[in-house]
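In: model the structure of this input:
(chains A, B, C and D)
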There are 4 protein chains.
Amino acid sequence: MHGYSGDKQAYLTRLRRIEGQIRGLQRMVDEEAYCIDILTQVSAATRALQAVALGLLEDHIGHCVADAVKSGGPEADEKIREASAAIARLVRS
Amino acid sequence: MHGYSGDKQAYLTRLRRIEGQIRGLQRMVDEEAYCIDILTQVSAATRALQAVALGLLEDHIGHCVADAVKSGGPEADEKIREASAAIARLVRS
Amino acid sequence: MHGYSGDKQAYLTRLRRIEGQIRGLQRMVDEEAYCIDILTQVSAATRALQAVALGLLEDHIGHCVADAVKSGGPEADEKIREASAAIARLVRS
Amino acid sequence: MHGYSGDKQAYLTRLRRIEGQIRGLQRMVDEEAYCIDILTQVSAATRALQAVALGLLEDHIGHCVADAVKSGGPEADEKIREASAAIARLVRS
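Out: Numbers count the residues shown, from 1 in each chain, chains lettered A, B, ... in the order given. From the prediction side, this is the model:
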């Protein structure tokens, strides 16, 4: 069980919608749409992906990290470092 | 004809690979993979999308914007403002 | 006492260095340095600021959030939501 | 003369305001303000810095890049590649 397990269907729906956005981008490139219109859709898909990441992260901190903290021990520090590294990757991507 | 037209196939290949990454994310969520592993893949897909955007933008400046500048007239300013707004959306997404 | 209190001096040193980078940018603009060189320094200052934010965030999760989780009760959820909102602002800035 | 030269005073004013924000951050850390409040100010300073970068970039494309394009020759391609690399650094910072 992970933090996001309870919302699995909601995440799958959001990811399927993002998959649709990426296929829409392929159609736009194939039909030679205007560059700026494609860029606007790339920004929208990027924001949707980041929103999924922020949701997963909140679930992760609220479950996996919180559980490790409650259990105490060195695993809690490790989980916090691991979550912080994931946040850093998100901020820089 | 747009800036990216000559590289259409390369962009389609990259977007199909990103579509595969998004489907991989759905599989990970469905099989309840570890949150942090999913987040790592979301960051990779985000970076791949941003790389496509940066490529399209360079092509756009080198073709559409450069052509408008060469023709002179008010359209050049408009194209530069439009490209700058697209860059701002990218930076903030 | 906050998560970062133990590292206060280190954070002050990093922020003073960033202040120096911002003053360096003013000097570059004043002396009409080349635009791209200024942009390179803006990116460096932005990355330094984001690194400070990521450090503060890791300290915050490891102390304030972890303490609230250990105490249990509704405050833990509130702290996690608050930290997630701060992460979202960072990712989008 | 660079793209931003005409707006030099406006850029200096904005950079001085950002310097003030960074000094405000030092004060907050020194007085042990709440972590999340510091993070909110870091996000504000980051956005202000990125806004300066986006302004410089638009001026640069509208002047230095446009001039190189009008002159023709290999320098235009070089300027566009250079600007694109600066955009990539901004997007990734």
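In: quick one: residues contacting the residue at minimal distance from the centre of chain A.
Out: What sits nearest the mean C-alpha location of chain A, by C-alpha atoms, centre = their mean, is residue A:53, with 2.0 Å. Shown in contact with residue A:53 (C-beta atoms under 8 Å, 6 or more residues apart in numbering or on different chains): A:90, B:39, B:42, B:43, B:46, C:91. The way it works is simple: take the backbone N, C-alpha and C, and place the C-beta from them, glycine included.
In: quick check, nearest of the residues you listed to chain D?
Out: Nearest to chain D among these is residue C:91, at 9.6 Å by C-beta to the nearest C-beta.
In: wait, the closest one touches residue A:88, no?
Out: No - contact criterion C-beta atoms under 8 Å: residue C:91 and residue A:88 do not qualify, at 10.6 Å.
In: if I look at the closest residue to chain D within chain A, how far off is chain B?
Out: Relative to chain D, the nearest point of chain A is residue A:92 (6.3 Å; C-beta to the nearest C-beta). Distance from residue A:92 to chain B, counting by C-beta to the nearest C-beta, to the nearest Å: 8 Å.
In: same check, this time on residue A:81
Out: Residue A:81 is 11 Å from chain B, by C-beta to the nearest C-beta.
In: hang on, the earlier thing: what about the residue of chain A closest to chain D, how many neighbours?
Out: 16 (other C-beta atoms under 10 Å in any protein chain shown).
In: residues touching it, list them.
Out: Residue A:92 neighbours (C-beta under 8 Å, 6+ apart): C:50, D:92, D:93.
In: let's see it at 6 Å
Out: Applying C-beta atoms under 6 Å, 6 or more residues apart in numbering or on different chains to residue A:92 gives no contacts.
In: read off the pLDDT value for it.
Out: Looking at residue A:92, its pLDDT is 87.
In: not counting sequence-adjacent ones, nearest residue to residue A:48?
Out: The shortest distance from residue A:48 to any residue other than its chain neighbours is 5.1 Å, reached at residue A:18 (C-beta to C-beta, 6 or more residues apart in numbering or on different chains).
In: pretty sure that neighbour contacts residue B:25?
Out: No - applying C-beta atoms under 6 Å, one finds residue A:18 not in contact with residue B:25, separated by 8.3 Å.
In: many thanks, I have nothing further to ask.
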